Structure formats: structure tokens, C-alpha cells
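**Student:** Sequence and predicted model, in that order:
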Amino acid sequence: MGRIFKTPTDDSTEATLRAMHTQNTLDTYYEKGMGWLRTILFTSCAILITSAYELSSDVSIWENTVEWFWNKVSNWVAGD
């Protein structure tokens, strides 16, 4: 007899459920692993593309975004 079901005829059902659980666990690990790999890959590509863009032009993304935001916050706090 199985652990989950209490009749001898339910052994095949329990085996099927165990196999499904194992496959679901493996699928979850695969999806999380692929998600992390995609995240690392796309982040690395974005960093390289941004660096190449800044290197080939006179535009600094840092100055255009972060420093602009910091100046806005500073002006807002100072009351200008």
C-alpha cells in the first residue's frame, strides 16, 4: 500500500503523483536557473551597450539622469 492512498489499487496513482511532483520540482529549478541566466546575460549586455554608447559620443548617461535627478531634489529641498 502507498503512503498517501490506503488501498492496494491506489499504488499506481501514488507513483504517478510522486513522478509529477518530481517533474514539477525539476521544472521549477530549471525555470529559476534560466531566469537568473537571462537576467545576468541581459544585464551584462545592457552594461556593455551603455558603455559603448558613452565611449562613442560626448553624452554621459550619468550626468543626464542621476545628476539631473540629484539637482532637482537639491533644488526642491532648498526651496528654489
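**Tutor:** It's in.
**Student:** Pull out the buried residues from stretch 16-28.
**Tutor:** Residues of stretch 16-28 include none that count as buried (16 or more other CB atoms under 10 Å). Just so you know, the C-beta spots here come from the backbone N, C-alpha and C atoms, and that holds for glycine as well.
**Student:** tell me what the helix or strand of the chain with the lowest mean pLDDT is packed against?
**Tutor:** None of the helices or strands of the chain scores lower by mean pLDDT, DSSP states H and E than helix 61-62, at a mean of 81. The contact analysis (3 or more CB pairs under 8 Å, 6 or more residues apart in numbering; DSSP states H and E) places helix 61-62 against helix 11-56.
**Student:** Mean confidence (pLDDT) on the helix it packs on, please.
**Tutor:** Taken as a whole, helix 11-56 has an average pLDDT of 90.
**Student:** How far does the least confident helix or strand of the chain sit from its chain's centre?
**Tutor:** Remark: helix 61-62 is offset 24 Å from the chain centroid, using CA atoms, centre = their mean, to the nearest Å.
**Student:** One more: stretch 49-62?
**Tutor:** With CA atoms, centre = their mean, you get 26 Å for stretch 49-62.
**Student:** Ok, stretch 45-62 next?
**Tutor:** 23 Å.
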